[in-house]
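Colleague: my questions concern the predicted model and sequence given below.
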2 protein chains.
Amino acid sequence: MENTEDVRPKRRGPAPLDAFDRRILAALAADADRSYAALGETVGLSPPAVHERVKRLKRSGVIRDTVARLDGTAVGKPLTAFVHVEAAGWGKSERLMQIARFPEVEELHSVAGDASVILKVRMENPQALEFLLGQIHSLPGVRGTRSYIALSTYLDRPVQAEVTTDWPNVPLPPE
Amino acid sequence: MENTEDVRPKRRGPAPLDAFDRRILAALAADADRSYAALGETVGLSPPAVHERVKRLKRSGVIRDTVARLDGTAVGKPLTAFVHVEAAGWGKSERLMQIARFPEVEELHSVAGDASVILKVRMENPQALEFLLGQIHSLPGVRGTRSYIALSTYLDRPVQAEVTTDWPNVPLPPE
DNA sequence: TTTTCTGCCGAATAGTATTCGGCAAGAATG
DNA sequence: CATTCTTGCCGAATACTATTCGGCAGAAAA
């Protein structure tokens, strides 16, 4: 006989995140400094069990990475702004990607809407923003930009593990 | 005698971040999982020295927190969007702040420009976005909204420690 | 029902984080 | 300038965690 290779793998694709995973993710997205013992305490698992799950979540890419979030003002960049770039032809010219090399640029998305690209930038001062806009305008195919300068930031947090499921009902989730 | 309390404290305010601090911050903003030994290796300090600096940077608030960054799609929210809210009177009505309770809302800024408030949201699907917009429109003083749906995200990173200082010169920083 | 697989736990081990004492360089003091 | 004081570093010692391991139990497959 041959064909002994018929055994299909049991399950393909990432296991769909059970309640423990969700709690672990929620906790880590809020504070990744806690020990596995403390984590296990809050989610209801032993330290090794939490460890194994976190390891799996990292390998599978659910946890992209763990980072320190810095205070923009403290590092010398108190000015946050969103820059909408209207590009001709089709947004994502390779050149436009180049401005991602500036450490001031934190996000870069191509979007649907009356802007082709949206940037989130954090600058030292208005003049620096002016220079950056100059850089952007010098790129080929850039028709114009529109900047929105943040006056106050009321919320700035990473991707949350929770998902609102009962949209039509709740007017506002409880505190 | 009295007035022996004349001795002014040597230095007020946060020390201004030397080169070591910068390197530590840059490293931690990229990957907070490394050991102090590994960090010390790359920045040129002993593990205890790095530890002490990190502790100080956290206490002083330069390092706001350390978080795990999750994959939006993996947690069930593949749709990223920026929502501009045009509010009457003055943007920051207390009520508007309430929508920050939805775990889908990641950022909330008041801005200068032809929008009063900008939200960054991550939704399960377009319908969920529709519901959220409904919530926003139901708030008093909201004149309208404009949504920009992210098609591709080319860059999404935390505040970088580096600051570009020679703006007028460089056309683009080297790789 | 039996077998297999998965994921948990407690205990053991390995590896860090953290503390401590001493030292050296720069700043303040006289 | 000499002296004192302060700051921040290092190496070694300690305490605490992460990580590994063996065994077990429940669910899924056979």
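Modeller: Received the coordinates, thanks. Bear in mind the structure is a predicted one, so any value in this text is a computation, not a measurement. Numbers count the residues shown, from 1 in each chain, chains lettered A, B, ... in the order given.

Colleague: surely residue A:60 touches residue B:74?
Modeller: Yes: with contact defined as C-beta atoms under 8 Å, residue A:60 reaches residue B:74; the gap is 7.5 Å. For the C-beta atoms, the positions are set from N, CA and C on the backbone; glycine is no exception.

Colleague: so which of the two has more stuff around it?
Modeller: Between residue A:60 and residue B:74, counted using other C-beta atoms under 10 Å in any protein chain shown, residue B:74 has the larger neighbour count: 20 against 14.

Colleague: need the three-state assignment for the more buried one.
Modeller: Using DSSP: H, G, I helix; E, B strand; the rest coil, the structure places residue B:74 in coil.

Colleague: what sits closest to it if chain neighbours are left out?
Modeller: Leaving out its chain neighbours, the residue that sits closest to residue B:74 by C-beta to C-beta, 6 or more residues apart in numbering or on different chains is residue A:62, at 4.2 Å.

Colleague: against residue B:101, how distant is the one you found?
Modeller: Per C-beta to C-beta, to the nearest Å, residue A:62 is found 24 Å from residue B:101.

Colleague: tell me which of those two has more neighbours.
Modeller: Taking residue A:62 and residue B:101 together and counting by other C-beta under 10 Å, residue A:62 has the greater number of neighbours (21 against 15).

Colleague: buried stuff in the lowest-mean-pLDDT helix or strand in chain A?
Modeller: Ranked by mean pLDDT, DSSP states H and E, the weakest helix or strand in chain A is helix A:94-98, scoring a mean of 85. Going by neighbour count (16 or more other C-beta atoms under 10 Å in any protein chain shown), the buried part of helix A:94-98 is residue A:96.

Colleague: ditto for stretch A:96-116
Modeller: For stretch A:96-116, by 16+ other C-beta under 10 Å, it's A:96, A:99, A:102-111, A:113, A:115-116.

Colleague: from the chain's centre, how far out does that stretch sit?
Modeller: 14 Å (C-alpha atoms, centre = their mean, to the nearest Å).

Colleague: would that stretch count as contacting chain B?
Modeller: Yes: using C-beta under 8 Å from any C-beta of the partner chain, stretch A:96-116 reaches chain B at A:97-113, A:115.

Colleague: let's see which of these end up in helices.
Modeller: Judged by DSSP state H, those include A:97-98 as members of helices.

Colleague: what residues does chain A put near DNA strand C?
Modeller: Within chain A, the residues that sit near DNA strand C (C-beta under 7 Å from any atom of the strand) are A:10, A:15, A:20, A:40, A:44-49, A:52-53.

Colleague: any idea what residue A:117 is bridged to?
Modeller: residue A:85, residue A:110 (DSSP bridges).

Colleague: what's around it, how many residues?
Modeller: 26.

Colleague: quick one on the thing from earlier: list buried residues within the residues of chain A next to DNA strand C.
Modeller: The buried subset of these (16+ other C-beta under 10 Å) comprises A:40, A:45, A:49, A:53.

Colleague: tell me which helix or strand the third one sits in.
Modeller: Just to be clear, that refers to residue A:49. If you go by DSSP states H and E, residue A:49 is part of helix A:47-59.

Colleague: is that helix in proximity to DNA strand D?
Modeller: Yes: contact between helix A:47-59 and DNA strand D, assessed by C-beta under 7 Å from any atom of the strand, occurs at A:47-48, A:51-52, A:55.

Colleague: need the residues you listed in TSV with distance to residue A:163, can you?
Modeller: Output for those, formatted as TSV (distance: C-beta to C-beta, whole Å):
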residue	distance to residue A:163
A:47	27
A:48	28
A:51	25
A:52	24
A:55	24
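
Colleague: dump those to CSV, plus pLDDT.
Modeller: Output for the residues of helix A:47-59 next to DNA strand D, formatted as CSV (pLDDT from 0 to 100):
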residue, pLDDT
A:47, 98
A:48, 98
A:51, 98
A:52, 98
A:55, 97
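
Colleague: could you chop chain A up by domain?
Modeller: According to automatic domain parsing, chain A comprises the domains A:19-59, A:79-149.

Colleague: rank these by pLDDT, which is bottom?
Modeller: Sorting these by mean pLDDT places domain A:79-149 lowest, at a mean of 92.

Colleague: can you tell me the distance between the two ends of that one?
Modeller: One end of domain A:79-149 to the other measures 7 Å (C-alpha to C-alpha, to the nearest Å).

Colleague: just how off-centre is that domain within its chain?
Modeller: Taking mean C-alpha positions (C-alpha atoms, centre = their mean), domain A:79-149 and its chain are 18 Å apart.

Colleague: next one: stretch A:63-74
Modeller: On C-alpha atoms, centre = their mean, the centre of stretch A:63-74 falls 11 Å from the chain's centre.

Colleague: repeat for stretch A:49-63
Modeller: 18 Å.

Colleague: ok, residues contacting it?
Modeller: A:14, A:17, A:20-21, A:24-25, A:28, A:36, A:39-40, A:43, A:45, B:68-71, B:74-75 (C-beta atoms under 8 Å, 6 or more residues apart in numbering or on different chains).

Colleague: before we move on, what about stretch A:107-115?
Modeller: Counting by C-beta under 8 Å, 6+ apart, A:84-86, A:91-92, A:97, A:99-100, A:116-120, A:146, B:80, B:82, B:146-157 sit against stretch A:107-115.

Colleague: and residue A:126, how many residues sit next to it?
Modeller: 12.

Colleague: contact partners for it?
Modeller: Counting by C-beta under 8 Å, 6+ apart, residue A:126 has contacts residue A:79.
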